[in-house]
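S.K.: here is my input; please provide its structure:
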Amino acid sequence: MYIRLAQKANAILYKYKIKQFPIPLEVLESLLEDEDIKIIIRKNLNHSCVIGNNLLIGKCENSHKRYELSHEYLHVMEHTGNYFTKDQRTIGKDEAQAHAFAAYLLMPVGMFEESLKYASNDYQLAEEYGVTLDLVSYRKELTKSLLENNQYHLLKKVNFFNF
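M.R.: Alright, predicted model coming up:
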């Protein structure tokens, strides 16, 4: 499920030589800056959004911020147009893609599946990758879907030792 997004996440991990998990926030912030995206933090903002090349994000804990930066990165890179003029179906598709991309970027293919073998619970996985429990559950669903649809083998796993 979402093979192209898993491949895109792996390509970014490789391009930026990211092999530390959880991914440090500074690394995600510099990745966005490389794309000329300015991060603006507003303490009273409930939902992150992108306006032009500005990513507005509320003050939040690191696991949520890590997710928001990854999620919004895909919106900036792939989703064009005004959110307010899009139909609900397109918005839903865009949001689902950004959610999957963030899950794959923050918990890479191959590495996450290895972690499943030794992690005693989802709390351990959430801490290891610096994400929320909800995102761990979703990432497990993505792996299950890839395996059930015989697509997991199509993904090139990131070899973190060959950077």
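S.K.: point me to the helix or strand that includes the closest residue to residue 69 other than its chain neighbours.
M.R.: Distances taken as C-beta to C-beta, 6 or more residues apart in numbering place residue 28 nearest to residue 69, at 4.4 Å, with adjacent residues excluded. The C-beta positions use only the backbone N, C-alpha and C, and glycine is treated the same way. Taking DSSP states H and E as the criterion, residue 28 maps to helix 25-34.
S.K.: which other helices and strands does that helix contact?
M.R.: Identification of packing neighbours for helix 25-34 by 3 or more C-beta pairs under 8 Å, 6 or more residues apart in numbering; DSSP states H and E yields strand 38-42, helix 62-78.
S.K.: export these to CSV and tack on distance to residue 105 and mean neighbour count?
M.R.: Output for the helices and strands packed on helix 25-34, formatted as CSV (distance: least, C-beta to C-beta, whole Å; neighbours: other C-beta atoms under 10 Å):
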stretch, distance to residue 105, mean neighbour count
strand 38-42, 16, 13
helix 62-78, 5, 20
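S.K.: need the residue closest to the centroid of the chain.
M.R.: In the chain, the centroid-proximal residue (C-alpha atoms, centre = their mean) is residue 102; its distance is 1.2 Å.
S.K.: gap between the nearest residue to it once chain neighbours are set aside and residue 51?
M.R.: Nearest residue to residue 102, sequence neighbours excluded (C-beta to C-beta, 6+ apart): residue 70, at 3.8 Å. Separation of residue 70 from residue 51 (C-beta to C-beta, to the nearest Å): 18 Å.
S.K.: next, give phi and psi for the residue nearest to the centre of the chain.
M.R.: Reported as degrees, to the nearest 10, the phi and psi values for residue 102 are phi -60, psi -40.
S.K.: picking up where we left off before, pull the helix holding residue 28 out as CSV, backbone CA atoms only.
M.R.: C-alpha atoms of helix 25-34 as CSV (Å, rounded to 0.1, in the frame of the first residue of the first chain):
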residue,chain,number,x,y,z
LEU,A,25,13.9,17.6,14.6
GLU,A,26,16.8,19.7,13.4
VAL,A,27,17.3,17.2,10.5
LEU,A,28,13.7,17.5,9.4
GLU,A,29,13.8,21.3,9.7
SER,A,30,17.0,21.5,7.6
LEU,A,31,15.3,19.2,5.0
LEU,A,32,12.5,21.7,4.7
GLU,A,33,14.8,24.6,4.6
ASP,A,34,16.6,22.9,1.7
